[in-house]
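Peer 1: This is a predicted model, with the sequence first.
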Amino acid sequence: MRKHFIDNLRWIDVFLLIPYHAAQAFNTWGEQNYILFEPNKIISSFIVFFSPFFMPLLFLLAGMSTRYALKKRTYGQYIIERAKRLIVPFVFGTLVFCPILAYIGDVTNYAYEGGFFEHYKVFFTKWTDLSGFDGGFHVGQFWFLFFLFIISLVSVGIIVLTNKIIRKQRKAENIPFVVVCLMVIPLPFLYNRLSVGGKSFAEYLYVFLIGYYVIMLYDKVIEKAEKYRYVSLTIGLAANIANVYMFIWSGKDYGTINGIAKALAEWFMILALIGIGKNKLDYKNKATEYMTQRSFSYFSLHFVWIVLFQYWFADILNSNTVMLYIVPIICAYAATLICSEICLKVPILCFLMGTKSNKF
């Protein structure tokens, strides 16, 4: 039986990407961006609050969904489906949307004076840190699709290997919830392992496999996550507040302690959201179907719109930080949803963005 809360948690997470990425233009820790405004601690706190669990939740949900997928598909069919859903939009997005972001980055950060189409040569020939903030080649938010595809391939290999070693999987229905809580322990040691552009392949693979093996294999884990959802939420929020304070407001470098707070925030917020999702979001209706169907095209389109609107409104609203943050967000939501609607009517665009057409 399909667990609808997985789909609902996914689209809710994805639809928060616009305010999350908009906030990066106001960061207080000196990180480059396609466009930068006056640093703001309150807006930056939004990023730091969500960053521990924002993307890990998507990888865990992907691991959970993979168990469903492999019940209906062979390993080969699963890999082909992953390529269509992940690699095709990864290539399309990198070639179509990322040059726009790189151009804005070059104009705002390095005073590039050439035209937009001239800048394509810069994009395809300038290879530096792969961030795109200097106008060079980068993959933008599409790193997630590439990571997820590689993790899916690696996970299939692990699954095949473990199935050969363990012929019969035993269901430990009474696995203590404290054991699930203790799965937080490896996280601080994984943050800098196999890291590319500040994103840890090891961390996301670990979370993906927990979703596949633990959360979905043992039904009681979801029940216990639901039962103890507010306990997990309390721990997660406390750790998150500590993480935000240490990183943004304290003015000190807490190093390892900050890393531990981040790991606790990541894991217990994930457990809390799984429990709350199971309790409150395990249903399907026209509204949730509408949002679920548009989440993939939304993911591909959202970033270019938020950066474009910040670029267009920079001079007009520069003296008003609140409006400079909120107005581009509102406009980006509208533009992204309108473009998602258009894409859903055009089968070739649906294919290129890894989603299904609703034309027929």
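Peer 2: Received, thanks. Given the structure is predicted, the values throughout are model-derived calculations rather than measurements.
Peer 1: Pull the residues that contact whichever strand or helix holds Ala202.
Peer 2: Ala202 is part of helix 201-210, with elements assigned from DSSP states H and E. Residues from elsewhere that reach helix 201-210 (C-beta atoms under 8 Å, 6 or more residues apart in numbering): 55-56, 59-60, 62-63, 66, 147-148, 150-152, 154-155, 158, 183, 186-187, 190-191, 193-195, 270. Just so you know, the C-beta spots here come from the backbone N, C-alpha and C atoms, and that holds for glycine as well.
Peer 1: The same query, at a cut-off of 6 Å, please.
Peer 2: 56, 59-60, 63, 147, 151, 190-191, 193-194 (C-beta atoms under 6 Å, 6 or more residues apart in numbering).
Peer 1: Could I get these in CSV, plus columns for distance to Ile316 and pLDDT?
Peer 2: Formatted as CSV, these follow (distance: C-beta to C-beta, whole Å; pLDDT from 0 to 100):
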residue, distance to Ile316, pLDDT
Pro56, 37, 96
Phe59, 38, 96
Leu60, 40, 96
Gly63, 44, 94
Phe147, 36, 96
Ile151, 42, 96
Leu190, 43, 93
Tyr191, 39, 90
Arg193, 44, 86
Leu194, 43, 86
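Peer 1: from those, which is closest to Pro347?
Peer 2: Phe147 (27.2 Å; C-beta to C-beta).
Peer 1: would that closest one count as being in a helix?
Peer 2: Yes. Assigned with DSSP: H, G, I helix; E, B strand; the rest coil, Phe147 falls within a helix.
Peer 1: What residue, apart from its backbone neighbours, is nearest it spatially?
Peer 2: Tyr204 (5.9 Å; C-beta to C-beta, 6 or more residues apart in numbering).
Peer 1: cool, Gly136 as well?
Peer 2: Nearest one to Gly136, counting by C-beta to C-beta, 6+ apart, is Lys126 at 3.6 Å.
Peer 1: Look up how far Gly135 lies from that neighbour.
Peer 2: Per C-beta to C-beta, to the nearest Å, Lys126 is found 6 Å from Gly135.
Peer 1: that's a helix at Asp282, yeah?
Peer 2: No. When three-state DSSP is applied, Asp282 is found to be coil, with no helix at that position.
Peer 1: so it touches Phe5, yeah?
Peer 2: Yes. Here Asp282 reaches Phe5: they are 4.2 Å apart, a contact under C-beta atoms under 6 Å.
Peer 1: related to what we said a few turns ago, out of Lys126 and Gly135, which sits in the more crowded spot?
Peer 2: Between Lys126 and Gly135, Gly135 has the larger neighbour count (other C-beta atoms under 10 Å), namely 25 against 16.
Peer 1: what helix or strand is the closest residue to the more buried one other than its chain neighbours on?
Peer 2: Nearest residue to Gly135, sequence neighbours excluded (C-beta to C-beta, 6+ apart): Asp106, at 2.8 Å. Following DSSP H and E, one finds Asp106 within helix 98-110.
Peer 1: tell me what that helix is packed against?
Peer 2: The elements that helix 98-110 packs onto, with contact taken as 3 or more C-beta pairs under 6 Å, 6 or more residues apart in numbering; DSSP states H and E, are helix 119-125, helix 286-317.
Peer 1: Next one: Thr288 from Ile276, what distance?
Peer 2: 15 Å.
Peer 1: Other residues contacting stretch 242-253?
Peer 2: Residues contacting stretch 242-253 (C-beta under 6 Å, 6+ apart): 41, 44-45, 48-49, 254, 258, 261-262, 265.
Peer 1: and those residues, which are buried?
Peer 2: Neighbour-count burial (16 or more other C-beta atoms under 10 Å) applied to the contacts of stretch 242-253 gives 44-45, 48-49, 258, 261-262, 265.
Peer 1: So which bits of the helix holding Ala202 are buried?
Peer 2: 201-210.
Peer 1: With respect to Ala314, which of those residues is nearest?
Peer 2: Looking across those and measuring by C-beta to C-beta, the closest to Ala314 is Tyr204, at 33.3 Å.
Peer 1: Tell me, what's the model's pLDDT at the closest one?
Peer 2: On pLDDT, Tyr204 comes in at 96.
Peer 1: Give the pairing partners of the lowest-mean-pLDDT helix or strand in the chain; include direction for each.
Peer 2: Ranked by mean pLDDT, DSSP states H and E, the weakest helix or strand in the chain is strand 195-196, scoring a mean of 82. The pairing partners recorded for strand 195-196 under DSSP bridges are strand 199-200 (antiparallel).
Peer 1: tell me the mean pLDDT over the strand it pairs with?
Peer 2: Mean pLDDT, computed over strand 199-200, is 90.
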